[in-house]
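Undergrad: Got a predicted model here, sequence first, then my questions.
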Amino acid sequence: MAGIPVVERTADLGTWAQEQRCAGRLVGLVPTMGALHDGHLSLVSRAAAECDVVVLTVFVNPLQFGPGEDLAAYPRALEADVEAAARSGASIAFAPPVEEMFPGEVATNVHVAGLSEVLDGRFRPTHFDGVATVVAKLFAIVGAARAYFGEKDFQQLAIVRRMAGDLSFPVEVVGCPVVRARDGLALSSRNAYLTPEERAAAPVLLRALRSGASAVAAGERSPAAVTDLVGSIVEAEPLAALDAADVVDAATLRTPAVLAGELRILVAARFGRARLIDNVGISTPP
């Protein structure tokens, strides 16, 4: 595919990565579940700009899907993904079958306490353990590297950073800005589930977040006032079903009593089949 090797075995990827390091090359890593869009490809491009070689992983991880979620229906397009990643600078693709990553019952679970139970963890209680477990395995397979994750999944990024530090993985975790369509909708593989009407309505998420950020910038320091504002804007859209609106400390993911310092405003809502998330950052005087 597209002139770059595609490997399925963990041993082959580990050997390749070690050979690159022995040759003095810095390894970049971009973990994905495939169905690549421009947001994913921006991670590959940045990794290619900052590293000597880049590993793209494509693995729809069953551990991070809860009962009734879209594991079977999750979009898969490996050949197109590999071709697009190669054009963006990937050096190799790792696309293992489930039985290669998890050959038997998974008895080991990685849980990042304090960060996994809040925000989206309230609605998807096993999701972030599944994310942390598979990312820990990828870090162990690849070894010393620089790994790139998007800020759209801000809670995931925070969890991966904490996990990598706590477990002393020789991996630098790099957060990259949200990539958006022209109308402001954050790019997501799940956008493919949207009907034309839902797609037209979905940019309400960014409008709501920006309104919350403007309120904070204007001096609002009450978390409840900000989340009520964000939630009310989303709820005013007939095709949106609000799951949650939150404003948290960017480091702890906890809601402070008074808004100050580095903050993230986050929102989650459903548009038909699609559950979409988004966030923006804002700084206030401490």
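TA: On my side now, so go ahead. Numbering: from 1, shown residues only.

Undergrad: Can you report phi and psi for Ala48?
TA: phi -70, psi -30 (degrees, to the nearest 10).

Undergrad: so what's it up against?
TA: Contacts for Ala48 (C-beta atoms under 8 Å, 6 or more residues apart in numbering) come out as 28, 54, 88-90. In this view, the C-beta of every residue, glycine as well, is placed from N, C-alpha and C.

Undergrad: Same question for Ala250.
TA: 154, 158, 261-264, 281.

Undergrad: can we see that at 6 Å?
TA: By C-beta atoms under 6 Å, 6 or more residues apart in numbering, the contact set of Ala250 is 262, 264.

Undergrad: Would you mind listing the buried residues in stretch 65-85?
TA: Of all the residues in stretch 65-85, those buried under the rule 16 or more other C-beta atoms under 10 Å are 65, 74, 81-85.

Undergrad: Please disregard the earlier target; I meant stretch 158-175.
TA: For stretch 158-175, a neighbour-count test (16+ other C-beta under 10 Å) marks 158-164, 169, 171-174 as buried.

Undergrad: Point out where the stretch 101-250 of the chain drops to low pLDDT.
TA: The stretch 101-250 of the chain contains no residues with pLDDT under 70.

Undergrad: tell me what the helix or strand harbouring Val160 is packed against?
TA: Using DSSP states H and E, Val160 sits within helix 154-166. In terms of contacts (3 or more C-beta pairs under 6 Å, 6 or more residues apart in numbering; DSSP states H and E), helix 154-166 is packed against helix 127-142, strand 171-176.

Undergrad: Tabulate the ones you listed in CSV, adding columns for distance to Leu253.
TA: CSV is the format used below for the helices and strands packed on helix 154-166 (distance: least, C-beta to C-beta, whole Å):
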stretch, distance to Leu253
helix 127-142, 11
strand 171-176, 14
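
Undergrad: Just name the most buried of those.
TA: Mean neighbour counts were taken over the helices and strands packed on helix 154-166 using mean count of other C-beta atoms under 10 Å, and the top value, a mean of 22, falls to helix 127-142.

Undergrad: need the next SSE after it, C-terminal direction.
TA: strand 145-150.

Undergrad: that older thread, can you give the contact residues for the helix holding Val160?
TA: Helix 154-166 has contacts (C-beta under 6 Å, 6+ apart) with 112, 115, 119-120, 128, 131-132, 135, 149, 171, 173, 175, 253, 264, 279.

Undergrad: Could you check how many residues crowd around Glu105?
TA: Residues lying near Glu105 (other C-beta atoms under 10 Å) number 5.

Undergrad: Make sure I have this right: it is in a strand.
TA: No: assessed with DSSP: H, G, I helix; E, B strand; the rest coil, Glu105 is coil; it does not lie in a strand.

Undergrad: Need phi/psi at it.
TA: Main-chain torsions, Glu105, degrees, to the nearest 10: phi -60, psi 140.

Undergrad: I'd like to know how far it sits from Glu237.
TA: According to C-beta to C-beta, to the nearest Å, Glu105 stands 43 Å off from Glu237.

Undergrad: In contact with Arg124, which residues?
TA: Here Arg124 is in contact with Gly66 (C-beta under 6 Å, 6+ apart).

Undergrad: make it 8 Å
TA: Arg124 is in contact with 66, 69, counting by C-beta under 8 Å, 6+ apart.

Undergrad: element containing it, please.
TA: Using DSSP H and E, Arg124 is not contained in any helix or strand.

Undergrad: quick one: contacts for the residue nearest the centre of the chain?
TA: Centroid check for the chain by C-alpha atoms, centre = their mean gives Asp153 as the closest residue, at 3.7 Å. Residues near Asp153 by C-beta under 8 Å, 6+ apart: Ile277.

Undergrad: Give me the pLDDT for Ala2.
TA: Looking at Ala2, its pLDDT is 53.
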